[in-house]
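A.B. asks: mind folding the following:
(chains A and B)
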Amino acid sequence: MMISLAGSAPAADQIRDQIRGLIAAGSLAAGERIPSVRQLAKDLGVSPGTVARAYKVLESEGHLRTHTGGGTRVSTTASATPKPVAEAARALADTSIRSGIDLEEATRVLRAIWASRHNGN
Amino acid sequence: MSTLTFVLWFGLRTAIIGLAIAVVWWIARGRNDRLPRGTTATATLVAACLALTPMIYLLATSVEFFGPRPLLVEQIWYWVFERRISWSLALGIAAIAVLIVPVHARFARGQATLTHRTLFSFGHRWWFGGTASIIGAIVTVTVLAGLASEPDSEGLWRSFTVEGANGSTFGTTIYGWYYSLPALALLAALIVVTLTALWLIARPPISADHSSDVWMRQLRTRNVLGLTSGGLLLHLGMIFNSLASTATLRGGETVGSTGWASWGTPFEAMQPALTFLGLVAMSLGFALWFGILLPAILPRRASAPSVRS
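C.D. replies: Numbering: from 1, shown residues only, chains lettered A, B, ... in the order given. Coordinates of the predicted model:
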C-alpha cells in the first residue's frame, strides 16, 4: 500500500484522498494501524503539519480514529474488510510470491480450499 | 586420547555441535537466505567472525590448548578469564555494533508505504519472544545465584558455603554478585545496542524496490536478534556450567567417635541437569552465531528475491 505525491494539488489533500481511497477499496482494513504523523511526514518529505491536517480531516469524517498511546487506526466502521482477513490475504500473497506462484494460481488454490470448507460446513 | 581430540571434545564440543546444527539448518533451509554481495554481507561476515573467534579461543584456552603464556600476559589473562561468563555479552555488543554499520540514510521521494514501522516490524513475534524469554531466564538464574552467594575473605560476593556438623563449614565459589553485577550491566548494554540496531533498521523510508528492501530488513533484523540471542544463550550456558561446578561441592568430617559424615550442596541433585542445560544452551548459542556466519560466507550474486511485507 503505497501513497505518492504528484501534481499541483496540496499535499494534505492528496494524502487524505489516497488514504480514503485505500479504505474504500478494502486495502486498509478496519482497525489497522497506519503510520504515525512523523513517520509518514518523514517518508513523504513533507512537514508533520501537512500529514496531521490530512489525518484530522479523515478523523472528522469517521475514517480514522486516534487513541492516546495506540496510534492512528482505520475506524472499525470505515472499512468492510476485517483486519484478520486483510492480514491473512497479505500472508497468502507473500507465501505465494516466495513459492513462485502467480495470482491466478493462488486464487485457484484459495477457491478450491474455500469450496471444500464451504461444502464441509 | 590425543591432545587434539581432547581439545576438540572437552573444549570445543559446544562449538562443534553448534556448527553441526547450523550446517544442517543451512542445507535444509538457509540457502535461500544468502545475503547479496555488498556492505551488509561484509558487515555480517565481520560481525559473526568478531563474535565467534574470541569465543572459540576462550574455550580452547580453558583446556590449555595454547600452552603457557608469558607472566604479564598470564596476569592480564587471568583477570579476563575469571570473567569469561560475561564474554559472550561483550562480544555480542561488539558484533551488533558492526552490524549497524550499513546505515541507509534514504531521502524522501514523495512516496511512502502505509505501514506502521516499529522496532518489531521486520521480525516474527516469536523471535522477539524467544530473546525476551532467554533474558528472563538469565535474570532469574542470576538473581537466585546472587542471593545464594556470600562475601568471601576479601569481601567479594562469590562464596558459597555449606554447614557441616559441629558448626564447621566448607565452601567454594559461586556465580555471585561479584561476577553477576558486571554481567547484568553488560546485559543491559546488549539490550540497548540491540534495540538501537533494530530502530536503525526500521527507521529509514522503504526504498522504491519495496520487496527487496523489506527482505533485506527482515534478514538484518534476524541477524541482529540471532547475535543477541546467541550471546545470551552462551552466557546462560556458562552460568549453568558454573552452577553445575558449584553443585559438585562435597565435604566430610568425623562425627562422634566412629562415624564419618559428608555433605553436599542443597542443589547437588541438579548437577547433571545443570550440566546438560549448559551444554544445550551453549550449543544453541553457537548454532545461532554460525547460522549468521554461513549465509554471509557465500553471498548471492543476484539481487534479493521478490518478497512483499
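
A.B. asks: which positions in chain A make contact with chain B?
C.D. replies: When proximity is defined by CB under 8 Å from any CB of the partner chain, chain A lies next to chain B at A:1-6, A:19, A:22, A:28, A:33-36, A:39-40, A:42-46, A:71, A:90, A:93-94, A:97-98. Backbone N, C-alpha and C define where each C-beta goes, glycine included.

A.B. asks: nearest residue to the middle of chain A?
C.D. replies: A:Leu28 (2.2 Å; CA atoms, centre = their mean).

A.B. asks: now do the phi/psi pair for it.
C.D. replies: The phi and psi torsions at A:Leu28 (degrees, to the nearest 10) take the values phi -100, psi 120.

A.B. asks: what residue in chain A comes nearest to chain B?
C.D. replies: When scored by CB to the nearest CB, chain A has A:Gly45 as its residue closest to chain B, at 2.7 Å.

A.B. asks: burial check on that residue, number of neighbours?
C.D. replies: Other residues within reach of A:Gly45, judged by other CB atoms under 10 Å in any protein chain shown, total 15.

A.B. asks: correct me if wrong: it contacts A:Val51.
C.D. replies: No - with contact taken as CB atoms under 8 Å, A:Gly45 and A:Val51 are classed as non-touching, separated by 11.0 Å.

A.B. asks: could you point out the longest helix in chain A?
C.D. replies: Ranked by residue count, the top helix of chain A under DSSP state H comes out as helix A:103-120.

A.B. asks: thinking again about what came up before, so who does the residue nearest to the centre of chain A touch?
C.D. replies: Taking CB atoms under 8 Å, 6 or more residues apart in numbering or on different chains, we find A:Leu28 in contact with A:Met1, A:Ile19, A:Leu22, A:Ile34, A:Val74, A:Ser79, A:Thr81, A:Ala86, B:Leu114.

A.B. asks: quick check: beta-bridge partners of B:Glu150?
C.D. replies: Note on B:Glu150: beta-bridge partners B:Ser159, judged by DSSP bridges.

A.B. asks: so it makes contact with B:Leu156?
C.D. replies: No - in this structure, B:Glu150 is not within contact of B:Leu156 by CB under 8 Å, at 9.9 Å.

A.B. asks: which residues do those two both contact?
C.D. replies: The contact lists of B:Glu150 and B:Leu156 share B:Gly176, where a contact means CB under 8 Å, 6+ apart.

A.B. asks: quick revisit: what about the contacts of A:Leu28, which are in strands?
C.D. replies: Under the assignment DSSP state E, the contacts of A:Leu28 contribute A:Ile34, A:Val74 to strands.

A.B. asks: which member of the contacts of A:Leu28 is positioned nearest B:Ala185?
C.D. replies: Taking CB to CB as the measure, B:Ala185 lies nearest A:Ile34 of the contacts of A:Leu28, at 38.9 Å.

A.B. asks: who are the neighbours in contact with the closest one?
C.D. replies: By CB under 8 Å, 6+ apart, the residues touching A:Ile34 are A:Ile19, A:Leu28, A:Leu40, A:Leu64, A:Gly71, A:Thr72, A:Arg73, A:Val74, B:Leu114, B:His116.

A.B. asks: change it to 7 Å
C.D. replies: A:Ile34 sits next to A:Leu28, A:Thr72, A:Arg73, A:Val74, B:Leu114, B:His116 when contact means CB atoms under 7 Å, 6 or more residues apart in numbering or on different chains.

A.B. asks: one more: B:Thr44?
C.D. replies: Counting by CB under 7 Å, 6+ apart, B:Thr44 makes contact with B:Leu35, B:Leu99, B:Asn223, B:Ile292, B:Ala296.

A.B. asks: do you know the pLDDT at it?
C.D. replies: pLDDT for B:Thr44: 93.

A.B. asks: A:Thr81 now?
C.D. replies: Note on A:Thr81: pLDDT of 75.

A.B. asks: which SS class is the closest residue to it other than its chain neighbours?
C.D. replies: Setting aside the residues directly before and after it, A:Thr81 is nearest to A:Gly26 in space (CB to CB, 6 or more residues apart in numbering or on different chains), at 4.0 Å. Classification of A:Gly26 into helix, strand or coil gives coil, according to DSSP: H, G, I helix; E, B strand; the rest coil.

A.B. asks: with B:Leu243 instead?
C.D. replies: Three-state secondary structure (criterion: three-state DSSP) places B:Leu243 in helix.

A.B. asks: which residue is the nearest non-sequential neighbour of it?
C.D. replies: Setting aside the residues directly before and after it, B:Leu243 is nearest to B:Leu274 in space (CB to CB, 6+ apart), at 5.2 Å.

A.B. asks: what residues are up against the one you found?
C.D. replies: Contacts for B:Leu274 were tallied using CB under 7 Å, 6+ apart; they are B:Phe240, B:Leu243, B:Ala244, B:Ala247.

A.B. asks: all helices for chain A, in order.
C.D. replies: In chain order, chain A shows helices spanning A:11-24, A:37-44, A:48-60, A:83-98, A:103-120, with DSSP H as the criterion.

A.B. asks: and those, which is most packed in?
C.D. replies: Scoring those by mean neighbour count under mean count of other CB atoms under 10 Å in any protein chain shown gives helix A:37-44 as the most buried, with a mean of 21.

A.B. asks: helices or strands next to that one in the packing?
C.D. replies: helix A:48-60, strand B:111-113 (3 or more CB pairs under 7 Å, 6 or more residues apart in numbering or on different chains; DSSP states H and E).

A.B. asks: good, wrapping up.
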